[in-house]
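Enquirer: have a look; sequence and predicted model below, questions after that.
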Amino acid sequence: MIPGRVAALTIAFGPSRVGASLLVIAIAAALPCAPRAADPPGGASKSLGSWKVIHFGKLIDGKGGVLPNAAVVVEGDRIRTIVRAIGPEAGTVQVPAGTESIDLSRYTGIPGMIDSHTHMTYYWDRTPGTRPWEQLNARPPMQTLVLAEENARKTLEAGVTTVRDLGSFEYMDIAMRDLINRGAMTGPRMFVAGYGLYPTYSPYQAAPAPTPGGLADGVEQVLRATRQQIAAGADVIKVYGSTGSADDVTGEQTYTFEEMQAAVTIARQRGKRVAIHSYGPDGARDAVRAGATSIEHAVDIDGATLREMARRGTYYVPTVDHNRYYAEHRAEFGYDDPTAARLDAYRVRNLETVRRAVKAGVRIAMGSDAVFTMFGENTRELRWFVEAGMTPAQALGAATTNGAALLGMEKELGAVSPGYLADLVAVEGDPVKDVGALIDGVRWVMKGGVVAVDKTRSGP
């Protein structure tokens, strides 16, 4: 017998503590519970209280499997195994005394979703008479960092357990990532960019006034700025390869191919990936040639470039929904009706480009480009994907497996599988048939083995 484990006990699922170490669940076969390499001597878990068994009515595992009546066994922050919970193929799995059993049999389980384009530190408190961009400029950065935890919490409530945050200032994104990792702040797992790189002749309009942090003109300065972001702790390099952001939809290329290539070269040498912002097709074309990992926003991408993206495995993060957000909230931002019309027209072109990218076989990842009050709406992007020709299952893949691969985390995120991080979401409805389940149906969220959101219980 493994130390710390006692006799077997048959127990029904429920929100309770299991009082024995062998939980009898209906599974395909009895599963061994041999010590893992990471276990302390003797095979005992590092923290026996960290074991959980979560029962879903159906589990979409992110690897092509749809499992009815599945139970996910979690040890610490990792998934230990998946078992069948009910049915003729009954069996057993060993868990330690004190293991928590969580009954989510009313819901469908999916991997934690990934938002591949956010700006988590852009916070607006809705004070009457203020504008989001103006308030952001006026507030001390440390206040913004603390207040932005609201954005992080709303992102988790949307079922998003990981984000790629593409641009902040004063390195608040790096501080926020580290605070979340320490458990001092609530929020999704963050992969951050520090300052995005931009040239003098193309003011970065989507954030505070330009500062030296990301300012870079010419190849030599791009090399320097890229090294600086990496040295500061950035996980990914962001390059503003065109104009366009907020109410600006111009998309004029700003960085040359050589400048983009310089950023990619240094990033690759340091094991980092590069996201290149381009509202227009010209910047996107050069970004693909330069070897960018992903292209953000671009519309009107020509057929040859789409085919090259498919060949290279370049990701497209179209962020269709963020222009819907700006247009709908034009009064808050101070945009007039002609500006809202331009935003809507750009969104139509954006959607058509996604439609063509889907047909060309381009890898697409979900990115909301969430700012200010858009957090919590992160997954609305998935409706546009379905409108562009994806099935709901493919849209879910854009928010899970594709997002994980874009981050280089495909062996740890984006799926429910042994050894992966225990990021799990319970939704009401069937996301394989209706993408709305991913947008309006999130009821419970686990990140790294810890329950972060629970809307399944009634009462106070």
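Expert: Cool, got the structure. Residues are numbered from 1 along each chain as shown.

Enquirer: quick one: contacts for the residue most central in space within the chain?
Expert: Using C-alpha atoms, centre = their mean, the residue of the chain that lies closest to the mean C-alpha position is residue 114, 2.1 Å off. Contacts for residue 114 (C-beta atoms under 8 Å, 6 or more residues apart in numbering) come out as 160-164, 365-366, 399-400, 403-404, 406-407, 413-414. The way it works is simple: take the backbone N, C-alpha and C, and place the C-beta from them, glycine included.

Enquirer: these in helices, which ones?
Expert: 399, 403-404, 406-407 (DSSP state H).

Enquirer: of those residues, closest to residue 302?
Expert: Nearest to residue 302 among these is residue 406, at 22.5 Å by C-beta to C-beta.

Enquirer: my read is that that closest one contacts residue 293, right?
Expert: Yes: here residue 406 reaches residue 293: they are 6.8 Å apart, a contact under C-beta atoms under 8 Å.

Enquirer: quick one, which of those two is more surrounded?
Expert: Taking neighbours as other C-beta atoms under 10 Å, residue 406 and residue 293 compare with residue 406 leading, 28 against 23.

Enquirer: now the more buried one: how far from residue 97?
Expert: 40 Å (C-beta to C-beta, to the nearest Å).

Enquirer: quick one: which of the ones in helices among the contacts of residue 114 is most hemmed in?
Expert: residue 399 (31 neighbours).

Enquirer: which ones are touching that residue?
Expert: 113-115, 365-366, 379, 382, 438.

Enquirer: now stretch 118-125: buried residues?
Expert: 118-124 (16 or more other C-beta atoms under 10 Å).

Enquirer: so where do the strands sit in the stretch 151-300 of the chain?
Expert: Along the stretch 151-300 of the chain, counting by DSSP state E, counting those that start in this stretch, strands occupy 160-165, 189-192, 236-240, 273-277, 294-296.

Enquirer: identify the residues contacting the helix or strand hosting residue 146?
Expert: Residue 146 is located in helix 141-147, with elements delineated by DSSP states H and E. Helix 141-147 is contacted by residues 121, 123, 125, 136, 139, 169-170, 172, 175-176 when judged by C-beta under 8 Å, 6+ apart.

Enquirer: if we go to 10 Å?
Expert: In this structure, residues lying in contact with helix 141-147 by C-beta atoms under 10 Å, 6 or more residues apart in numbering are 120-125, 135-136, 139, 168-173, 175-176, 179, 185, 208.

Enquirer: show me the shaky parts of the stretch 51-200 of the chain.
Expert: Filtered on pLDDT under 70, the stretch 51-200 of the chain yields the residue ranges 85-92.

Enquirer: counting contacts, what elements does the helix or strand containing residue 426 pack onto?
Expert: Under DSSP H and E, the secondary-structure element containing residue 426 is strand 424-427. In terms of contacts (3 or more C-beta pairs under 10 Å, 6 or more residues apart in numbering; DSSP states H and E), strand 424-427 is packed against strand 51-60, strand 100-111, strand 160-165, helix 436-440, strand 442-447, strand 450-454.

Enquirer: buried sites along the longest one?
Expert: With burial defined by 16+ other C-beta under 10 Å, the residues of strand 100-111 counted as buried are 100-105, 107-111.

Enquirer: check the fourth one too.
Expert: Taking 16+ other C-beta under 10 Å as the neighbour-count basis, helix 436-440 is seen to contain the buried residues 436-439.

Enquirer: quick one: that helix to chain centroid distance?
Expert: 16 Å (C-alpha atoms, centre = their mean, to the nearest Å).
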